[in-house]
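Asks: pasting the structure only:
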């Protein structure tokens, strides 16, 4: 295979760097704005670098004006609860679709694929009514229960399980393992890369979800990070953008750190799930 020319490699890197700069620009602006005092933010002259630092004031206001740490903790509880329940459901379901034969398997798999095409907003009203009759509105359960089953999680794990050799499963059965034992003691350890990939998708989606918490949560003490940002804006009347940007940085930082810590596993998991169709 012919090696790309130097000009092509330089052009490729320039395109990639330009794309990265476009995507990173809003985040860079957000971080630098969180360092600025109010008079610089509303200055007529656009300046990227702050002339005076208001870092301590802005971040102190972000942490004290509203219970931002409580919102972050709520986000951790909700995302962790959703992820654990999704894994508990997705692993056995994906194993059944990948390695077992049973009546109606094809049609059930088609239903899973159909569920991937239905946006969550389309089912929001019936789920809301159901939670109302169950008395779960304005509770932590209302944020977790509707997302217990993830069609995407079942799909992703099924694709990965199809790459696992059948000989491994036959050997486990010969050792006397039941199907559930096989899922948790054999398939789960092999699926760690795919689980990391799915975890990132799940955590990012539910950490950033604004629509559903706005619909089912009325108490500020149960607010998730995106909803907490709105409460902060209400407190500040949309005027003091320095603390608002500081709060947004604190809300975004856990996702960035989580992705940096797991990016190798994420890439490995996404790659492996596409090996076999």
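Replies: Thanks, I have the structure now. Keep in mind that this is a model prediction, so the values were computed, not measured.
Asks: okay, now residue 118: neighbour count?
Replies: By the criterion of other CB atoms under 10 Å, residue 118 has 10 neighbours. Where C-beta positions appear, they are placed from N, C-alpha and C, glycine not excepted.
Asks: where does pLDDT dip in the stretch 101-250 of the chain?
Replies: 233-239 (pLDDT under 70).
Asks: buried stuff in the helix or strand where residue 204 lies?
Replies: Taking DSSP states H and E as the criterion, residue 204 maps to helix 192-207. Across helix 192-207, burial judged by 16 or more other CB atoms under 10 Å covers 193-203, 206-207.
Asks: and stretch 97-107, by the same measure?
Replies: For stretch 97-107, the neighbour count (16+ other CB under 10 Å) marks 97, 98, 99 as buried.
Asks: surely the last one touches residue 165?
Replies: If I follow you right, that is residue 99. No - contact criterion CB atoms under 8 Å: residue 99 and residue 165 do not qualify, at 10.6 Å.
Asks: that older thread, out of the buried residues of stretch 97-107, who's nearest residue 117?
Replies: Residue 117 has its nearest neighbour among those in residue 97, at 17.4 Å by CB to CB.
Asks: what residue, apart from its backbone neighbours, is nearest the closest one spatially?
Replies: Nearest residue to residue 97, sequence neighbours excluded (CB to CB, 6 or more residues apart in numbering): residue 158, at 4.7 Å.
Asks: out of the buried residues of helix 192-207, the closest to residue 26 would be?
Replies: For the buried residues of helix 192-207, the nearest to residue 26 is residue 207 (17.4 Å; CB to CB).
Asks: any idea how far apart the tips of stretch 24-42 sit?
Replies: End-to-end distance of stretch 24-42 (CA to CA, to the nearest Å): 22 Å.
Asks: swap that for stretch 45-56, please
Replies: 24 Å.
Asks: which SS class is the nearest residue to residue 108 once chain neighbours are set aside?
Replies: Nearest residue to residue 108, sequence neighbours excluded (CB to CB, 6+ apart): residue 97, at 7.6 Å. For residue 97, the assignment made with DSSP: H, G, I helix; E, B strand; the rest coil gives helix.
Asks: and residue 97, how close does it get to residue 113?
Replies: According to CB to CB, to the nearest Å, residue 97 and residue 113 sit 11 Å apart.
Asks: likewise for residue 36?
Replies: From residue 36 to residue 113 the distance is 48 Å (CB to CB).
Asks: that older thread, out of the buried residues of helix 192-207, which one sits closest to residue 130?
Replies: residue 206 (19.3 Å).
Asks: thought that closest one was touching residue 78?
Replies: Yes - the pair residue 206 / residue 78 is scored as a contact, 6.3 Å apart, by CB under 8 Å.
Asks: follow-up on the earlier one: chain center to the helix holding residue 204: distance?
Replies: Centroid separation for helix 192-207 versus its chain: 6 Å, with CA atoms, centre = their mean, to the nearest Å.
Asks: tell me the contacts of the residue nearest to residue 108?
Replies: 105, 108, 109, 112, 154, 158, 161 (CB atoms under 8 Å, 6 or more residues apart in numbering).
Asks: of all pairs in the residues you listed, which one is the farthest apart?
Replies: Across those, no pair lies farther apart than 108 and 161, at 15.5 Å, counting by CB to CB.
Asks: so between the two, which is more surrounded?
Replies: Between residue 108 and residue 161, counting by other CB under 10 Å, residue 161 is the more crowded of the two (23 against 13).
Asks: what's the spacing between the nearest residue to that one once chain neighbours are set aside and residue 155?
Replies: Setting aside the residues directly before and after it, residue 161 is nearest to residue 98 in space (CB to CB, 6+ apart), at 3.6 Å. Per CB to CB, residue 98 is found 11 Å from residue 155.
Asks: ditto for residue 18
Replies: Applying CB to CB, the value for residue 18 to residue 155 is 33 Å.
Asks: quick one, which of these two is more surrounded?
Replies: Using other CB under 10 Å as the criterion, residue 18 and residue 155 rank with residue 155 on top: 21 against 10.
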